[in-house]
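Q: Here's a sequence, model it:
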Amino acid sequence: MSVLFIVNRTAGNGRAGNEWDEFYPKIRTAFPEMRVAFTEYQGHATAIARDSEEDIVVSCGGDGTLNEIVNGIAGKNVKLGIIPLGTGSDFSRTLKIKDIDMAIASILQGKTIKVDVAKVDFPKEGKSRIFMNVLEIGFGAEVMSFVNRHKSLGRLSFLLGVFSVIGKLERFTVEYSYDGRDRADTIEVIVANGRYFGGGMLASPQSMIQDGLLDIHILKPFSRIKTLLNLNKLISGEYISLGLSIEGKSQKFQVFEEGNLVEMDGEVVGRTPISIEILAGYIDLIVPSQ
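A: Down below sits the predicted model:
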């Protein structure tokens, strides 16, 4: 089968490019007839994937690269593979892809499962977009906005982003619907398909990528100090069992308020209002055989 590797060398503040160079001989040996395409600008991976004719498209980068590729292959009869490069790649943690050798072996073996994605409509902006992993509204989206503006700082940008956003943190009221229309005060809304975000934080421990459901977590608001003190509970996923969030599962989720920042799979993509719908079994994803 023909294979296209889409490589984002800038992922992880350039770390992905260094890792690609390191792993390239091993990858070329395993796939001597492969085609490689390097992204040159934001959104380029979507265009490359959309125009591709290969049977397998492999994402080589982080979650943002994967997101672009999924939006490019939407509706196409292709298999999706992942070689996680850079510092993020949270979706690959859900798949338990441990290293480059496992990633290569998985693509060679070609075992696939049909996995869910989520389609997000932005009615005010007249656009829609797919995500595979996690969408955030509020606190996390503001942090990722900071991170994306300060990528030169590497992993430090996330920590600085947290402190920067907490310093001006304001609760907001979210009007939402999934099992009837309701309202809640919050600092953060998480809608998850995968389990991890933010470079290994266990955002949604019970999420399953084949259950046809969105996992919805609406965090209860706290003071700035208490939010900072509870960050470790978000990192570990304990916030759920401790009752620090409103929990739900649904095939659809709507947010009606206007103006709150939205990020998905590590990239800021717009503002509310939004409407989210799960697309069950939408992607043929190559996964490790064990």
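Q: Helices along this structure, start to end?
A: For the chain, the helices defined by DSSP state H cover 15-30, 44-51, 63-73, 90-95, 100-109, 139-149, 156-167, 224-229, 231-236, 238-241.
Q: Could you identify which of these is most buried?
A: helix 63-73 (a mean of 26; mean count of other CB atoms under 10 Å). The way it works is simple: take the backbone N, C-alpha and C, and place the C-beta from them, glycine included.
Q: now for the helices of the chain, which one comes closest to Ala118?
A: Proximity to Ala118 (CB to CB) singles out helix 63-73 among those, at 10.3 Å.
Q: Name the residues that touch that closest one?
A: 6, 8, 11, 39, 43-50, 52, 57, 59, 80, 82, 88-91, 117, 129-133, 264-267, 283 (CB atoms under 8 Å, 6 or more residues apart in numbering).
Q: Among the helices of the chain, which one carries the weakest average confidence?
A: Looking at the helices of the chain, the lowest mean pLDDT belongs to helix 156-167 (a mean of 74).
Q: what distance separates that helix from the middle of the whole chain?
A: 19 Å (CA atoms, centre = their mean, to the nearest Å).
Q: Residues touching it, excluding its own?
A: Contacts of helix 156-167 (CB under 8 Å, 6+ apart): 139, 142-147, 150-151, 153, 198-199, 224, 227-228, 231.
Q: Just flag the most distant two among those.
A: Farthest pair in those, by CB to CB: Lys151 and Arg224, 25.6 Å.
Q: Thr186 contacts Val174, correct?
A: Yes: if you go by CB atoms under 8 Å, Thr186 and Val174 touch, sitting 5.4 Å apart.
Q: shared neighbours, those two?
A: Joint contacts of Thr186 and Val174 (CB under 8 Å, 6+ apart) are Gly138, Ile218.
Q: still on that earlier bit, is it possible to get JSON lines of the helices of the chain that adds distance to Ile218?
A: Below are these laid out as JSON lines (distance: least, CB to CB, whole Å):
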{"stretch": "helix 15-30", "distance to Ile218": "33"}
{"stretch": "helix 44-51", "distance to Ile218": "30"}
{"stretch": "helix 63-73", "distance to Ile218": "22"}
{"stretch": "helix 90-95", "distance to Ile218": "20"}
{"stretch": "helix 100-109", "distance to Ile218": "35"}
{"stretch": "helix 139-149", "distance to Ile218": "12"}
{"stretch": "helix 156-167", "distance to Ile218": "18"}
{"stretch": "helix 224-229", "distance to Ile218": "15"}
{"stretch": "helix 231-236", "distance to Ile218": "13"}
{"stretch": "helix 238-241", "distance to Ile218": "11"}
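Q: ok, Glu136 - contacts?
A: Met144, Glu188, Val189, Ile190, Val191, Phe197, Val262, Glu263, Met264.
Q: Please parse this protein into its domains.
A: Domain ranges of the chain: 3-110, 119-281, per automatic domain parsing.
Q: Bridge partners for Gly138, pull those for me.
A: Glu188 (DSSP bridges).
Q: Tell me how far it lies from Asp182.
A: Gly138 sits 16 Å away from Asp182, going by CB to CB, to the nearest Å.
Q: Next: Gly212.
A: Distance from Gly212 to Asp182, by CB to CB: 22 Å.
Q: same for the lengthiest strand in the chain, what does it pack against?
A: Criterion DSSP state E: the longest strand present in the chain is strand 274-286. Applying 3 or more CB pairs under 8 Å, 6 or more residues apart in numbering; DSSP states H and E, we find strand 274-286 packed against strand 79-84, strand 112-122, strand 252-255.
Q: would TSV of these with mean pLDDT, distance to Met208 and mean neighbour count be doable?
A: Below are the helices and strands packed on strand 274-286 laid out as TSV (pLDDT from 0 to 100; distance: least, CB to CB, whole Å; neighbours: other CB atoms under 10 Å):
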stretch	mean pLDDT	distance to Met208	mean neighbour count
strand 79-84	97	18	24
strand 112-122	97	8	18
strand 252-255	98	16	19
